[in-house]
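> After the sequence you'll find the predicted model.
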Amino acid sequence: MLRRIVITVVILLGLTHNAHAYLDPGTGSYLLQIFLATIFGAMFSLKLFGKKIMDFFRNLFSRE
C-alpha cells in the first residue's frame, strides 16, 4: 500500500507544470516581520517569566 502511494506521488510530481506564481516585494518584509516578532516575543517572555521557569526546574530537580 505504501509503495503505491509513493509511486503515485512521484508520478504526480513528475507531471506538474510551471505555476507562473508571483511573490510581490512585500512578502519578504512580511516574513521578516513575523520572524523578528517571534524572536522578540520569545525573548520578552523569557525575561518576564524566566525566574519562575528557573525556580520550577530547580524545584523539580532538587534533591529534597
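Alright, I've got the coordinates.
> where's V10 relative to G26, distance?
35 Å (Cβ to Cβ, to the nearest Å). To be clear about C-beta, it is placed using only N, CA and C from the backbone, and glycine gets the same treatment.
> Sorry, wrong one. I was asking about L46.
In terms of Cβ to Cβ, L46 sits 30 Å off from G26.
> Neighbour count: those two, which is higher?
More crowded of L46 and G26, by other Cβ atoms under 10 Å: L46, with 11 against 8.
> what's the average pLDDT for the lengthiest helix in the chain?
Using DSSP state H, we find that the single longest helix of the chain is helix 26-61. The average pLDDT within helix 26-61 is 92.
> Can you work out which other helices and strands pack against that helix?
Of the remaining helices and strands, none touches helix 26-61 by 3 or more Cβ pairs under 8 Å, 6 or more residues apart in numbering; DSSP states H and E.
> Tell me the buried residues in that helix?
By neighbour count on 16 or more other Cβ atoms under 10 Å, the buried set for helix 26-61 is empty.
> and it, how far from the chain's centre?
How far helix 26-61 lies from its chain's middle: 14 Å, per Cα atoms, centre = their mean, to the nearest Å.
> Repeat that for stretch 55-64.
Per Cα atoms, centre = their mean, the centroid offset for stretch 55-64 relative to its chain is 30 Å.
> ditto for stretch 21-40
13 Å.
> same check, this time on stretch 1-12
On Cα atoms, centre = their mean, the centre of stretch 1-12 falls 27 Å from the chain's centre.
> Then stretch 12-32?
19 Å.
> hey, C-alpha coordinates of it in CSV?
Provided in CSV are the C-alpha atoms of stretch 12-32 (Å, rounded to 0.1, in the frame of the first residue of the first chain):
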residue,chain,number,x,y,z
LEU,A,12,2.0,13.3,-9.9
LEU,A,13,5.1,15.4,-9.0
GLY,A,14,6.6,14.5,-12.4
LEU,A,15,3.5,15.6,-14.3
THR,A,16,3.3,19.1,-12.8
HIS,A,17,3.5,22.2,-15.0
ASN,A,18,5.0,25.6,-14.3
ALA,A,19,3.0,27.6,-11.7
HIS,A,20,3.8,31.1,-13.0
ALA,A,21,3.4,32.3,-9.5
TYR,A,22,4.2,35.8,-8.3
LEU,A,23,5.5,36.9,-4.9
ASP,A,24,5.3,40.7,-4.5
PRO,A,25,8.2,42.5,-2.9
GLY,A,26,6.3,43.0,0.4
THR,A,27,6.2,39.2,1.0
GLY,A,28,9.9,39.1,2.1
SER,A,29,9.5,42.0,4.5
TYR,A,30,6.3,40.5,5.9
LEU,A,31,8.0,37.2,6.6
LEU,A,32,10.9,39.1,8.2
